[in-house]
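Q: Mind looking at a prediction? Sequence and model below.
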Amino acid sequence: MSIDTITMETIDLDAAYQASNIQQVLETLDRELVGLGPVKTRIREIASLLLVARLREQAELTTGRPSLHMSFTGRPGTGKTTVAVRMAAILHHLGYVRKGHLVVATRDDLVGQYVGHTAPKTKEVLKRAMGGVLFIDEAYYLYRPENERDYGQEAIEMLLQVMENQRDDLVVILAGYKERMDTFFQSNQGFRSRIAHHIEFPDYTLDELNAIAELMVAQQMYHFDDESRHAFAEYLALRMHQPYFANARSVRNALDRIKLRQASRLVAQGGVIAADELARIDAADVRQSRVFQGGIDK
Amino acid sequence: MRITQGTFSYLPDFDDDQIRAQVQYCLDNDWPVSIEYTDDPHPRNVYWDMWGMPMFDIKDAAGIMLELNKCREVFPNHYVRINGYDRRYGRQTTALSFIVNRPKHEPGFRVDRMEFSDRQLKYSLHAYSTDRPTGERYEDS
């Protein structure tokens, strides 16, 4: 195609954007996920890149298929899996994966326990994930340098082979803690070079955690009153600086325990109560937590 | 003699894209797909060997094509077929079955006549290839 014909043709970006439906996916991402500013920006960028690549293909401009394998790094509970599900939907809307499902795998699903056990296991998972996204949580456990007879290496080699040869069929997302992923990539250069997008998930701020708590409470049809909302904010402020804090996951666990205390309080109290009491979380339910006595909610 | 059997027996052999499309049709209908192979071409031979287990939980045809290509690599001169099972009936019901690989040279069948009492005749089909032991039947084809 000559330069002239390229400049002559026009391409309606808006129409293409509308047709791909990614607007909706990005909007739900914004609405349902609190915070994660840098992650959302990166996802928007990737979505635009893919859309443009699609259009270039249609305009018959040479374009290699963009590499889509990603790595998500961040501390526990920062929303890596949730974002991976959305990512699968975005890739599906843009036509980069045919089915758009997410298969979550860990070391146990990929690596076998004896000679000859690993290949069929890994292959099974890869086959299930084809046409969608394979999400490997805590990917660094695949590689155990301290044991030279570890079968993880075999799984890694199969993964690399598929990531390279069947890029049309499968997108792989590796996830885990930042530092350990870095070491993992250093000792597995093959992975590093095949992964184009490294996305880092920041920890949530206190305000964001509070917003997440509100969202979770509302989703489960409970509500805080003013006092308990205040108590929970205090709880989070204390809990955040304790060990084993896992961001949104800790919030969810704390809420589960609060629901437990609320239920036992109601049952112990007995008598006739207003229906609204079943949904209301009392400050006492929150303040019973060991965190306020300097202990840790595990 | 070109053996035909199964769902698309009246059509020429499928190429890989056509096979992929049929497999995807199976998966979209929630029919688990399995791959089988044999070197006994007799039409009444229902006991084909299984290439691995029937494949459940697969969403996209690429996973099946991966196994099919492996199977063809190992058995380039066997008959290979793809089956789709419709499990809604609670029993194994083949919804679709077609040949996806065949030996390059298929020698065909002869008719054997057996005479018995009162000059009666019984007929049977004999595949030339089965004169040799299994595994060696289509080696030089």
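A: Great, that's in hand.

Q: all helices of chain A, in order?
A: For chain A, the helices defined by DSSP state H cover A:3-8, A:13-20, A:22-32, A:37-58, A:80-93, A:107-110, A:118-129, A:152-165, A:178-187, A:189-194, A:206-219, A:226-239, A:247-269, A:283-287.

Q: now the fifth one against helix A:22-32, angle please.
A: So the one you mean is helix A:80-93. Orientation check (axes from the mean of the first three to the mean of the last three Cα atoms, to 10 degrees): helix A:80-93 against helix A:22-32 gives 160 degrees.

Q: nearest to residue A:71, of the helices of chain A?
A: helix A:178-187 (6.3 Å; Cβ to Cβ). For glycine as for every other residue, the C-beta is placed from the backbone atoms N, C-alpha and C.

Q: Can you tell me which residues in chain B are near chain A?
A: Counting by Cβ under 8 Å from any Cβ of the partner chain, chain B comes close to chain A at B:55, B:57-64, B:66-67.

Q: okay, stretch A:180-189 in CSV with CA atoms only?
A: The C-alpha coordinates for stretch A:180-189 follow below in CSV (Å, rounded to 0.1, in the frame of the first residue of the first chain):
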residue,chain,number,x,y,z
ARG,A,180,10.3,-12.3,44.8
MET,A,181,9.0,-11.8,41.2
ASP,A,182,12.1,-9.7,40.5
THR,A,183,14.4,-12.5,41.7
PHE,A,184,12.3,-15.0,39.7
PHE,A,185,12.7,-13.0,36.5
GLN,A,186,16.4,-12.6,37.1
SER,A,187,17.0,-16.4,37.2
ASN,A,188,14.5,-17.0,34.3
GLN,A,189,15.4,-14.6,31.6
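
Q: Check which residues of it are buried.
A: Going by neighbour count (16 or more other Cβ atoms under 10 Å in any protein chain shown), the buried part of stretch A:180-189 is A:181, A:184-185, A:188.

Q: And for stretch A:268-286?
A: A:280-283, A:285-286.

Q: Can you lay out those residues as a markdown table showing pLDDT?
A: Formatted as a markdown table, the entries for these read as follows, by pLDDT from 0 to 100:
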| residue | pLDDT |
| --- | --- |
| A:280 | 90 |
| A:281 | 90 |
| A:282 | 89 |
| A:283 | 89 |
| A:285 | 89 |
| A:286 | 89 |
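
Q: Go through those and say which is closest to residue A:56.
A: Distance to residue A:56 across those (Cβ to Cβ) is lowest for residue A:281, with 52.8 Å.

Q: returning to that earlier point: tell me the one among the buried residues of stretch A:180-189 nearest to chain B.
A: residue A:188 (23.3 Å; Cβ to the nearest Cβ).

Q: rewinding a little: with distance to chain B as added columns, please give the helices of chain A in a markdown table.
A: Shown next, in a markdown table, are these (distance: least, Cβ to the nearest Cβ, whole Å):
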| stretch | distance to chain B |
| --- | --- |
| helix A:3-8 | 30 |
| helix A:13-20 | 20 |
| helix A:22-32 | 19 |
| helix A:37-58 | 19 |
| helix A:80-93 | 11 |
| helix A:107-110 | 12 |
| helix A:118-129 | 3 |
| helix A:152-165 | 9 |
| helix A:178-187 | 26 |
| helix A:189-194 | 18 |
| helix A:206-219 | 28 |
| helix A:226-239 | 39 |
| helix A:247-269 | 27 |
| helix A:283-287 | 42 |
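
Q: Let me have those in JSON lines, extended by distance to residue B:16.
A: Below are the helices of chain A laid out as JSON lines (distance: least, Cβ to Cβ, whole Å):
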{"stretch": "helix A:3-8", "distance to residue B:16": "34"}
{"stretch": "helix A:13-20", "distance to residue B:16": "29"}
{"stretch": "helix A:22-32", "distance to residue B:16": "31"}
{"stretch": "helix A:37-58", "distance to residue B:16": "22"}
{"stretch": "helix A:80-93", "distance to residue B:16": "24"}
{"stretch": "helix A:107-110", "distance to residue B:16": "28"}
{"stretch": "helix A:118-129", "distance to residue B:16": "17"}
{"stretch": "helix A:152-165", "distance to residue B:16": "16"}
{"stretch": "helix A:178-187", "distance to residue B:16": "36"}
{"stretch": "helix A:189-194", "distance to residue B:16": "26"}
{"stretch": "helix A:206-219", "distance to residue B:16": "46"}
{"stretch": "helix A:226-239", "distance to residue B:16": "56"}
{"stretch": "helix A:247-269", "distance to residue B:16": "45"}
{"stretch": "helix A:283-287", "distance to residue B:16": "61"}
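
Q: So for residue A:171, which of those helices sits nearest?
A: Closest to residue A:171 of these is helix A:80-93 (Cβ to Cβ; 6.1 Å).

Q: and the direction of the closest one versus that of helix A:13-20, what angle?
A: Using the same axes, to 10 degrees, helix A:80-93 lies at 110 degrees relative to helix A:13-20.

Q: Can you tell me the closest non-neighbouring residue to residue A:182?
A: Nearest non-adjacent residue to residue A:182, counting by Cβ to Cβ, 6 or more residues apart in numbering or on different chains: residue A:73, 8.0 Å away.

Q: Check whether the residue minimising distance to the centre of chain B sits in a helix, strand or coil.
A: Central residue of chain B (Cα atoms, centre = their mean): residue B:81, 3.5 Å from the mean position. What DSSP: H, G, I helix; E, B strand; the rest coil gives for residue B:81 is strand.

Q: Ramachandran angles for residue A:205?
A: Dihedral angles of residue A:205 (phi, psi; degrees, to the nearest 10) stand at phi -80, psi 170.

Q: That one: how many residues sit nearby?
A: Look at residue A:205: counted by other Cβ atoms under 10 Å in any protein chain shown, it has 12 neighbours.

Q: and what of residue B:134?
A: 12.

Q: Phi, psi for it please.
A: The phi/psi pair for residue B:134 (degrees, to the nearest 10) is phi -60, psi 140.

Q: again with the one 4 residues further on
A: Residue B:138 has phi and psi values of phi -120, psi 20 when expressed as degrees, to the nearest 10.

Q: mind listing what it touches?
A: Each residue near residue B:138 by Cβ atoms under 8 Å, 6 or more residues apart in numbering or on different chains is listed here: B:39, B:77-78, B:103-105, B:129.

Q: Swap in 7 Å and give it another go.
A: By Cβ atoms under 7 Å, 6 or more residues apart in numbering or on different chains, residue B:138 lies in contact with B:39, B:77-78, B:103, B:129.

Q: One more: residue A:251?
A: A:209, A:212-213, A:216.

Q: Please apply the same query to residue A:166.
A: With contacts defined as Cβ under 7 Å, 6+ apart, the neighbours of residue A:166 are residue B:62.

Q: pLDDT score for it?
A: At residue A:166, the pLDDT value in this model is 86.
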